[in-house]
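A.B. asks: can you look at this prediction? I've put the sequence above it.
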Amino acid sequence: MSILDVKRLSVNYGEVRAADSVSFSLEPGQILGLVGESGSGKSTVALGMLRLLGAPAHISGGEVNFQGQDILRMDDETLRALRWRDISVVPQSALSALNPVLSIGEQFRDTLAPHGAAHLAPEAMERVELDPKHLDSYPHQLSGGMRQRVALALALALSPKLVVMDEPTTALDVVVERQILRRVMALQREQGFAMLFVTHDLSLLMDFATDIGVMYAGRLVELGPASAFKAGGRHPYTQGLRKSIPPALNEDREPYSIPGAPPRADQPPSGCRFHPRCGLATARCASQEPSKDHFSRSGQESVHWASCWELNHAS
Ligand SMILES: Nc1ncnc2c1ncn2[C@@H]1O[C@H](COP(=O)(O)OP(=O)(O)OP(=O)(O)O)[C@@H](O)[C@H]1O
Ligand SMILES: [Mg+2]
């Protein structure tokens with residue numbers, strides 16, 4: 001049974017629809033990576049579904065069922081009780097999560113005391129390989145990587161069932177990024193939480209996600225197991241993203257980038273939003289939104305789909 005079931009979620013900034021009818025679900029222990037170019041709506045989905053976006057953002061449709069309750073229709077008190085204990089978020093910049101005038105220990109107290117768990121702070125620090133003596137430090141006294149570990153420690157302190165990470169390591173150098181991610185994955189295996197992991201780095205996701213969703217211009221265009229993406233993916237945009245991964249030093253191929261630029265959110269193209277940049281596009285792609293094409297393997301229930309007329313045509 002799913003722990004999180006997002007159905008046709010749409011989120012607007014005023015008149016502009018930045019996430020359009022996005023649906024996916026998460027099972028316990030599953031790591032779903034959400035990938036796409038800057039501005040494709042990844043943060044809008046990840047934070048909007050938890051009602052963490054302020055004005056001018058508003059939810060313009062859908063349901064977000066967490067353990068059978070719709071987060072979008074929950075009263076504030078019920079939602080507050082879920083935060084940190086059942087669902088937690090690690091944001092892109094730990095600086096935005098940490099209060100500069102409070103010591104790390106004070107921030108742990110503020111977060112954990114309402115749940116009767118203030119005593120868990122030292123253990124939470126150790127879990128992310130930080131010396132508990134840093135509970136006396138202030139955010140500016142720590143390096144970027146250490147601050148991101150603090151944000152992680154706060155998010156995992158109460159052993160939540162669902163953890164949402166919005167580009168938690170993009171501000172860090174690659175070595176520190178990999179160290180922190182290795183720790184995250186070890187903790188994920190230990191604690192078994194489900195995770196939604198937002199990034200623009202498809203190669204990173206192919207290393208550790210169990211499933212991958214690709215966003216383009218506010219829509220989810222392909223969703224499936226990571227293995228299907230390692231095998232190439234199906235949507236032409238996914239294939240473009242895969243080819244855009246920089247070649248390794250020993251690899252003999254030219255660097256590639258998808259032609260054109262993503263559309264503005266207030267002027268999405270008609271039909272398939274990717275059609276102006278797609279080498280396979282036909283007249284139908286410009287006029288009609290493609291339906292989802294499900295790929296099933298030997299009678300198994302299909303968990304892999306992509307929205308593309310040309311795939312429909314080919315199958
Ligand atoms: N507060 C806001 N007001 C108006 N428009 C916004 C706001 N926040 C985001 N948008 C718009 O919504 C669209 C989706 O933005 P979002 O931040 O979700 O993208 P993203 O995929 O997370 O990008 P990035 O990889 O750069 O973080 C973009 O066109 C963006 O300009
Ligand atoms: Mg973002």
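C.D. replies: Received the coordinates, thanks. Ligands and ions are numbered 1, 2, ... in the order given.

A.B. asks: confirm residue 205 sits in a strand?
C.D. replies: No: under the criterion used here (DSSP: H, G, I helix; E, B strand; the rest coil), residue 205 is helix, not part of a strand.

A.B. asks: can you pull out the helices in the chain?
C.D. replies: Using DSSP state H, the helices of the chain run over 42-48, 76-82, 94-97, 104-112, 121-127, 144-156, 174-191, 202-208, 226-230, 236-244, 283-287, 309-314.

A.B. asks: tell me which residue lies nearest the centroid of this protein.
C.D. replies: residue 198 (2.7 Å; C-alpha atoms, centre = their mean).

A.B. asks: identify the residues contacting the closest residue to ligand 1 within the stretch 201-315 of the chain.
C.D. replies: Here the residue of the stretch 201-315 of the chain nearest ligand 1 is residue 265; by C-beta to the nearest ligand atom that distance is 3.3 Å. All C-beta atoms are positioned from the backbone trio N, CA, C, and that covers glycine. By C-beta atoms under 8 Å, 6 or more residues apart in numbering, residue 265 lies in contact with 13, 16-18, 39, 41, 217-218.

A.B. asks: how about 6 Å then?
C.D. replies: 16, 18 (C-beta atoms under 6 Å, 6 or more residues apart in numbering).

A.B. asks: now swap in residue 210 and tell me
C.D. replies: Residues in contact with residue 210 (C-beta under 6 Å, 6+ apart) are 30-31, 226.

A.B. asks: can you list the residues of the protein near ligand 1?
C.D. replies: Residues of the chain lying near ligand 1 by C-beta under 6 Å from any ligand atom: 13, 16, 18, 36, 38-44, 56, 200, 265.

A.B. asks: for residue 3, state which of those residues is nearest.
C.D. replies: The closest of the residues of the chain next to ligand 1 to residue 3 turns out to be residue 42 (C-beta to C-beta; 19.9 Å).

A.B. asks: what count of nearby residues applies to that closest one?
C.D. replies: 24 (other C-beta atoms under 10 Å).

A.B. asks: list the single closest residue to it in space, sequence neighbours excluded.
C.D. replies: residue 198 (4.5 Å; C-beta to C-beta, 6 or more residues apart in numbering).

A.B. asks: again with residue 272
C.D. replies: residue 285 (4.6 Å).

A.B. asks: list the contacts of that neighbour.
C.D. replies: Going by C-beta under 6 Å, 6+ apart, residue 285 touches 271-272, 275, 309.

A.B. asks: thinking again about what came up before, need the contacts of residue 210 in CSV with neighbour count, can you?
C.D. replies: What follows is the contacts of residue 210, written out as CSV (neighbours: other C-beta atoms under 10 Å):
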residue, neighbour count
30, 18
31, 22
226, 18
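
A.B. asks: can you list those residues in a markdown table and add pLDDT?
C.D. replies: Rendered in a markdown table, the data for those read as follows (pLDDT from 0 to 100):
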| residue | pLDDT |
| --- | --- |
| 30 | 95 |
| 31 | 96 |
| 226 | 94 |
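
A.B. asks: before we move on, the earlier item: mind checking which of the residues of the chain next to ligand 1 are buried?
C.D. replies: Among those, those classed as buried by 16 or more other C-beta atoms under 10 Å are 13, 18, 36, 39-44, 200, 265.
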